[in-house]
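In: Here you go, sequence then predicted model.
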Amino acid sequence: PRGRAADAPPRDLRDAVERTVADALAGGARDLTVYARPTYGRESDDIYYPPWLAGEWLVSSKQTGLVAPLGAELFGPTGAYERARAALDEPALAYRARFARVSAAPGGGGEACVCERPFTVASISRAAMGADAVLAAGGVAQPDGALLEGATSADELEVRLRPSGAGGRTFRVQLQVVGRSARATGDGAFECAELTRQTVFAEGAAQRGAYAPAAAPSVKEIETTSTYDLQPSGRVLSRQRTATFLVADGAYTLPSSDLAALARARAAGRYAVDVRTYELQYARAAD
């Protein structure tokens, strides 16, 4: 069921995640303001995580919830909502994440760390799309059998992928951060969010000695909201929410021939069309 817009926005990022989890359990969006496009800009030049996240981690990520705030018909192409629901029964995704220590966060924030984006994005992509799926990340070609390294901007990252089962087709994915917000909420507690524009270029697939014409790029914006809680054991528990928004000035993720449906999505107040929640567990790789 569709929700209605209420007057009060979510109190904070953690609140938005918790309310989304509750909506997923209840079977639908009850307050559309929880799913509105965020209004924050780039509040800092990167997300500065607390020092207790520094280092390399083994991450287990399990999808736990699904919400279609504007209804299943605007969630995506035919069958997309059903496939997303089926993913709730899939096992957790296992990958590695790495955070590099920095001497101090801007504004006198003391010790902190930042995510090593090429390493982490490449690791997630391999776990989701196949061990040989990543061709390059951050402009650095892939060494055989090694995770990708290399400096890149905190605001931009380009990844080239050849997912298993894609018939040899390769994809160039541009990630551009358009907004971020982060804050510590207590000892051993942290929350952050990033809004990223994702543009995917299909580069063609070899078919009978020729390449198929490249499709128009797919453009969408995805807000990823995460909470982190340090446990007495040293492990970290995290809750995450991804919210996908249509982009008016690019090709839609929703390649629908129903122009009226697209018009309704535009006029709906710029709310997310696809929202998912995850439970993550971080264990130090050294352990």
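Out: Yep, it's here.

In: contacts, neighbours, all on C-alpha from now
Out: Will do.

In: hey, what's the residue nearest to Ala87 when sequence neighbours are not counted bridged with?
Out: Excluding the flanking residues, the one nearest Ala87 by C-alpha to C-alpha, 6 or more residues apart in numbering is Gln63, at 7.2 Å. Note on Gln63: beta-bridge partners by DSSP bridges are Tyr278.

In: My guess is Gln63 contacts Glu279. True?
Out: Yes: using C-alpha atoms under 8 Å, Gln63 is in contact with Glu279, at 6.5 Å.

In: show me what contacts the residue nearest the centre of the chain?
Out: Centroid-nearest residue in the chain: Thr224, 4.8 Å away (criterion: C-alpha atoms, centre = their mean). Counting by C-alpha atoms under 8 Å, 6 or more residues apart in numbering, Thr224 touches Ala193, Glu194, Leu195, Gln240, Arg241, Thr242, Ala243.

In: who's in contact with the nearest residue to it once chain neighbours are set aside?
Out: Distances taken as C-alpha to C-alpha, 6+ apart put Thr242 closest to Thr224, at 4.6 Å, once the chain neighbours are dropped. Thr242 makes contact with Ile222, Glu223, Thr224, Thr225, Asp274, Val275, Arg276, Thr277, according to C-alpha under 8 Å, 6+ apart.

In: ok, 7 Å please
Out: Neighbour list for Thr242: Ile222, Glu223, Thr224, Thr225, Val275, Arg276, Thr277 [criterion: C-alpha atoms under 7 Å, 6 or more residues apart in numbering].

In: Starting from the helix or strand harbouring it, tell me which strands it pairs with and how they run.
Out: Per DSSP states H and E, Thr242 falls inside strand 236-246. Strand 236-246 has its sheet partners listed here by DSSP bridges as strand 218-230 (antiparallel), strand 274-284 (antiparallel).

In: what distance separates it from the middle of the whole chain?
Out: Averaging C-alpha positions (C-alpha atoms, centre = their mean, to the nearest Å) puts strand 236-246 6 Å from its chain's average.

In: Which secondary structure element of this structure has the lowest mean pLDDT?
Out: The least trusted helix or strand in the chain, going by mean pLDDT, DSSP states H and E, turns out to be strand 206-207, with a mean of 45.

In: Buried residues, the longest strand seen in the chain. List them.
Out: With DSSP state E setting the assignment, residue counts place strand 171-186 as the longest strand in the chain. Across strand 171-186, burial judged by 16 or more other C-alpha atoms under 10 Å covers 171-183.

In: these two touch, right, Glu43 and Ala182?
Out: No: if you go by C-alpha atoms under 7 Å, Glu43 and Ala182 don't touch, sitting 8.2 Å apart.

In: and for those two, which residues touch both?
Out: Contacts common to Glu43 and Ala182, judged by C-alpha under 7 Å, 6+ apart, are absent.

In: export the contacts of Thr224 to TSV and tack on pLDDT and distance to Ala202?
Out: Below are the contacts of Thr224 laid out as TSV (pLDDT from 0 to 100; distance: C-alpha to C-alpha, whole Å):
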residue	pLDDT	distance to Ala202
Ala193	97	28
Glu194	97	25
Leu195	96	23
Gln240	98	28
Arg241	98	27
Thr242	98	23
Ala243	96	23
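
In: As a markdown table, those residues with distance to Val134 would be great.
Out: Formatted as a markdown table, those follow (distance: C-alpha to C-alpha, whole Å):
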| residue | distance to Val134 |
| --- | --- |
| Ala193 | 25 |
| Glu194 | 23 |
| Leu195 | 23 |
| Gln240 | 24 |
| Arg241 | 24 |
| Thr242 | 22 |
| Ala243 | 24 |
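
In: quick check, nearest of those residues to Asp23?
Out: Nearest to Asp23 out of the contacts of Thr224 is Arg241 (C-alpha to C-alpha; 12.2 Å).
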